[in-house]
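# A predicted structure for the sequence below; I have some questions about it.
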Amino acid sequence: MKTVAIGGLGAIGLELARALDRGVEGFRLIAVASRDTEKARAAVAGFRAPPRVVPVEALAEAEIVIEAAPAAAFAAIARPAIAAGRVLLACSGGALMRQMELVEEAEASGARIIVPTGALVGLDAVRAAAYGRVDSVVIETRKPPRGLAGAPYLERNGISLDGLAEAKLVFQGNALEAAEGFPANVNVAAALAMAGIGPQRTEVRLWADPAAERNIHTIRVEAEAARFSMTIEGMPSPDNPRTGRMTPLSVLACLRGLTETLKIGS
Ligand SMILES: NC(=O)C1=CN([C@@H]2O[C@H](COP(=O)(O)OP(=O)(O)OC[C@H]3O[C@@H](n4cnc5c(N)ncnc54)[C@H](O)[C@@H]3O)[C@@H](O)[C@H]2O)C=CC1
Ligand SMILES: O=C([O-])CC(=O)C(=O)O
């Protein structure tokens, strides 16, 4: 049995905690941390085996630490886990991409940092292609306006999405600029950048679309070995419209992949 701890109990973390409590072969949830301790206690009170509610630094007592908190809390969860040489599953890919020195810290301590595919598709193909020459990687994301509302880039540039009648291209730039301007929205672009040709060369286009009922991500890759494009249309989570329901499922698949005997895909 590998021990697991979760930092953040929102759309992703609480779903994962519930799934682990129902039983995921080979893993046992021992601790959780969240901003609001009382709320966290109430959320896990009815569990078959309630995990301990701890401060974020104490999550590192588990062998596997799942980070599922806002980007601003990423380092506080990641650093102790890395220092303790743990396996860190990082959902806030955009935050990681902006603090790549953590990867050097992990190398020194023997920790591993794993970014699940999350709400996206195709990272296996992108990773493989990146062993050869890759000419371009583009991701186009289309979300209902409520899934983008409040992003720092929109506020800084006075872009209002209220009463939007048709789809609007709200951002075009590289993955680094996207992660800075939309910290809660472009984790998939960050994961794509880290899997492929890096944040400077990965192009991001972000649309607010009042007709969209799903979070739609299309990636297009031009590489020497292959040209491919893939689209995923994720259902927004009922708890947080910025986050797709695929993400906790992807983290579960990633977790199982750490130990399963038969593992399909890279
Ligand atoms: N990799 C991917 O494909 C995806 C990644 N994400 C990212 O994953 C992260 C979590 O997403 P959601 O669960 O949707 O967010 P959420 O907003 O629903 O939940 C976040 C949780 O973290 C807690 N929290 C806030 N501050 C904290 C702190 N300082 N320490 C510990 N916990 C704290 C909140 O109380 C809440 O329980 C976000 O950074 C989000 O952008 C979201 C969707 C897809
Ligand atoms: O589509 C989603 O579920 C979330 C998303 O865009 C991201 O965090 O990059």
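Cool, got the structure. In this text the structure is predicted, and so the values were computed from the model without any measurement. Numbering: from 1, shown residues only. Ligands and ions are numbered 1, 2, ... in the order given.
# quick one: the helices in the stretch 151-266 of the chain?
Applying DSSP state H, counting those that start in this stretch to the stretch 151-266 of the chain gives helices spanning 152-156, 175-181, 187-195, 246-257.
# likewise for the stretch 1-150 of the chain?
13-22, 37-44, 74-83, 93-97, 101-109, 123-129.
# reformat these as a markdown table; add distance to ligand 2.
(C-beta placed from N, C-alpha, C; glycine too.) Formatted as a markdown table, the helices of the stretch 1-150 of the chain follow (distance: least, Cβ to the nearest ligand atom, whole Å):
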| stretch | distance to ligand 2 |
| --- | --- |
| helix 13-22 | 12 |
| helix 37-44 | 21 |
| helix 74-83 | 13 |
| helix 93-97 | 7 |
| helix 101-109 | 19 |
| helix 123-129 | 13 |
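# just put the ones you listed in TSV and tack on mean neighbour count.
Below are the helices of the stretch 1-150 of the chain laid out as TSV (neighbours: other Cβ atoms under 10 Å):
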stretch	mean neighbour count
helix 13-22	20
helix 37-44	15
helix 74-83	22
helix 93-97	26
helix 101-109	14
helix 123-129	19
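# how about those in JSON lines, adding distance to ligand 1 and mean pLDDT?
As requested, those are exported to JSON lines (distance: least, Cβ to the nearest ligand atom, whole Å; pLDDT from 0 to 100):
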{"stretch": "helix 13-22", "distance to ligand 1": "6", "mean pLDDT": "98"}
{"stretch": "helix 37-44", "distance to ligand 1": "7", "mean pLDDT": "98"}
{"stretch": "helix 74-83", "distance to ligand 1": "6", "mean pLDDT": "98"}
{"stretch": "helix 93-97", "distance to ligand 1": "5", "mean pLDDT": "97"}
{"stretch": "helix 101-109", "distance to ligand 1": "15", "mean pLDDT": "98"}
{"stretch": "helix 123-129", "distance to ligand 1": "10", "mean pLDDT": "97"}
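# closest to ligand 2 out of the helices of the stretch 151-266 of the chain?
helix 187-195 (3.5 Å; Cβ to the nearest ligand atom).
# which elements pack onto that closest one?
If contacts are counted by 3 or more Cβ pairs under 8 Å, 6 or more residues apart in numbering; DSSP states H and E, helix 187-195 sits against helix 93-97, helix 123-129, strand 134-143, helix 175-181, strand 202-208.
# number of residues surrounding the residue in the stretch 151-266 of the chain that ligand 2 sits nearest to?
Closest residue of the stretch 151-266 of the chain to ligand 2, Cβ to the nearest ligand atom: Gly244 (2.9 Å). By other Cβ atoms under 10 Å, 28 other residues sit near Gly244.
# residues in contact with it?
Counting by Cβ atoms under 8 Å, 6 or more residues apart in numbering, Gly244 makes contact with Gly118, Ala119, Arg214, Asn215, Gly234, Met235, Pro236, Ser237.
# now the buried members of those residues.
Among the contacts of Gly244, the ones that count as buried by 16 or more other Cβ atoms under 10 Å are Gly118, Ala119, Arg214, Asn215, Gly234, Pro236, Ser237.
# so what sits opposite the fifth one in the bridge?
Here Gly234 shows beta-bridge partners Asn215, assigned using DSSP bridges.
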